[in-house]
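1. Sequence below, structure please.
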Amino acid sequence: MKYITVVKNDPESKKIEEKIKNSLELEYDPKDPDYVIAIGGDGTIIKASHRYPNAILFGVHTGHLGFYANYTIDDVDELINDIKNNTYECHNIDLLSCELKTKNKTILLGNALNEITIITPLKTLTLDVFIDNEFFETFKGTGLCISTPFGSTAYNKSLNGAVIDTSLSAIQVTEIAAINSNAYRTLASPLVLSSNREIELKRKNYSEKMFVTIDHESKEIDNYVSIIIKLSDNKIKMACHNQEDHLKRIRRTFLK
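-> Residues are numbered from 1 along each chain as shown. Have a look, this model is predicted:
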């Protein structure tokens, strides 16, 4: 078996990385690892999931929130033992896929663990929203945030979106600074959809440029007809020793 570490650039995280490297008798392979050990905060774990989407991901929390991490600084010996003795559990986490449709072809832009946003920060964005190929509304405003259940506690939460239990497989659509008037009327509320739904955002104004963010990555989009967002067939494999209850995870992250 092979592994790689993805580490936040701080002394505590580097110290833990050194301990893990000295303890694991596995091949260190940055190209095709079986295990990825992400040491840091949620941002480190998300970056690791993008770099190595097919590996089993172990998260060690040394950052601020640690919502994704299943191991703490005090659990490093347990993590090492879990890898050595194959005593970890593995849970699949949903991803969103984002496809760009041009006049001639469809391009996969990427998969998101937290959310995908479509925004025009400097001017008003206008999009026709279709769900399962049926027209739903015309959106006018800064943008839309589409999130997974895990991602519902990230940017979506700051937009007053709902926090969704991660035992559910769902997609949430939350508006970013919508304009509601006699000319344009939106739902003006977060919309939670079942996992088999497909969202298509069709270009209303062809002079508009916009940005698509896929977790921490941002892409400027110009030549497009529509963007399709749905749950990906791929999933992230997240390792743990004992899976923490979702409500306990929310409480320790936001309330305790």
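
2. how about the helices of the stretch 51-200 of the chain, start to end?
-> Assigned by DSSP state H, counting those that start in this stretch, the helices in the stretch 51-200 of the chain fall at 76-85, 155-158.

3. K19 and I73 touch, don't they?
-> No. Here K19 lies out of contact with I73, judged by CB atoms under 8 Å, at a distance of 10.3 Å. Every residue, glycine included, has its C-beta placed from N, CA and C.

4. ok, back up a step: minimum distance to A188: which of the helices of the stretch 51-200 of the chain has it?
-> helix 155-158 (15.6 Å; CB to CB).

5. Convert that closest one to CSV, retaining C-alpha atoms only.
-> Listed next in CSV are the C-alpha coordinates belonging to helix 155-158 (Å, rounded to 0.1, in the frame of the first residue of the first chain):
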residue,chain,number,x,y,z
TYR,A,155,-20.8,28.9,2.6
ASN,A,156,-24.4,27.8,2.3
LYS,A,157,-24.9,28.3,6.0
SER,A,158,-23.6,31.9,5.8
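
6. Centre of the chain to that helix, how far?
-> Mean-position distance between helix 155-158 and its chain equals 12 Å (CA atoms, centre = their mean, to the nearest Å).

7. Counting neighbours, which bits of that helix end up buried?
-> Going by neighbour count (16 or more other CB atoms under 10 Å), the buried part of helix 155-158 is Y155, N156, K157.

8. Buried by neighbour count: which residues of the longest helix seen in the chain qualify?
-> Under DSSP state H, the helix in the chain containing the largest number of residues is helix 11-23. Buried residues in helix 11-23, counting neighbours by 16+ other CB under 10 Å, are found at S13, I16, E17, I20.

9. Tell me if I'm right that E200 and I227 touch.
-> Yes. E200 lies in contact with I227 (CB under 8 Å); the separation is 7.2 Å.

10. so what secondary structure elements neighbour the helix or strand containing T213?
-> Per DSSP states H and E: T213 is located in strand 210-214. Judged by 3 or more CB pairs under 8 Å, 6 or more residues apart in numbering; DSSP states H and E, the packing partners of strand 210-214 are strand 89-101, strand 106-112, strand 115-119, strand 217-221.
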